Every structure is written in structure tokens, then in C-alpha cells.
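Q: sequence below, structure please.
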Amino acid sequence: MDISINTPALLFPAISLVMLAYTNRFLALSNRVRSLHEKYLDTKDENKTIHAQIKSLRYRLKLIKHMQSLGILTFIAAIFCIFLLYIDEKFVANIFFAISLLAFTASLIFSFIEIMMSNKAIELELSDMEGLENPSMIEYIKSKF
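A: As a prediction, this is how the structure comes out:
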């Protein structure tokens, strides 16, 4: 398959938007870490919910680090691809384009995992509230009709 110089350039807007979303997630998570740290220092007791949240936050921070790293790798591979197309090295350019697509895909997979972890963290936060139910999607739809 022959790709033009415009093909890898199409990735740049998508990568930029995804990196912006990753940065926003990181900022929200870092604010949560700071508030949880303050809460942990104030309580000084063995609160299982806080410990579970801290464990979840550490894992999610690692995921965000990997998401951002793979996003940067995607950018770099796409830039190399454009350069290689410019100097008419199409075979190597195709390899770098494939690397950029694989890195972008892996980054999105890590993002998906982090979003799932985020939902679990919110459920953990709500777990100490009494009287709240966690209906399935089908039960929720039935209740609306």
C-alpha cells in the first residue's frame, strides 16, 4: 500500500485531541490524589475505602503515564513517517506509519482500561452510602418505562 504525505498528517488532530483529554484526566486525578491525601492525614485511621481508593489511584496514574507515553510515540512515529515520505523512503515510512497506528491503538486501549477503573473508583466512593442500589442496565431501562 502506498500512502501519501497527507495520510500520517491526518493523525495529528486526533492525537492532539486525545492528548488533551489525557492531560485533563491526569489533572483531575492529581487533584483527587491531593484531596485524598489530605483526608488520609486528617483521619489517621484504617479506613478501607481510602486505602482501596489510593490503590486504585496509583494504578490509574500508571495507566495515564502509559497512555501519554504511547500518544507521544504516536506523534513521533507519524513525524518520522512524514519525513521518510518526504525523502521518498516509502517502505520504511509504511513501517513507521504502522508503528504510529499500533501505538495509538495501544494508547486508546489503556485509556479504555483507565475509564473502567475510574467507574470502579466512583462505585467504591458510593459504596459506603446506604440505601443505594446498583441496578443493571436492563433494570434501569425497565424502571424508566
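Q: without its sequence neighbours, what residue ends up closest to residue 9?
A: Leaving aside its sequence neighbours, residue 9 sits nearest to residue 82 (C-beta to C-beta, 6 or more residues apart in numbering; 6.4 Å). C-beta here means a position set from N, CA and C on the backbone, and glycine is covered the same way.
Q: give me the distance between that neighbour and residue 97.
A: Applying C-beta to C-beta, to the nearest Å, the value for residue 82 to residue 97 is 9 Å.
Q: the two: which is more packed in?
A: Set side by side, residue 82 and residue 97 show more neighbours around residue 97, with 22 against 19, by other C-beta atoms under 10 Å.
Q: any shared contact partners between residue 82 and residue 97?
A: Taking C-beta atoms under 8 Å, 6 or more residues apart in numbering as the criterion, residue 82 and residue 97 both touch residue 8.
Q: helix, strand, or coil at residue 3?
A: coil (DSSP: H, G, I helix; E, B strand; the rest coil).
Q: what's the per-residue pLDDT of it here?
A: If you check residue 3, the pLDDT there is 84.
Q: quick one: it and residue 93 touch, right?
A: Yes. Contact criterion C-beta atoms under 8 Å: residue 3 and residue 93 qualify, at 7.0 Å.
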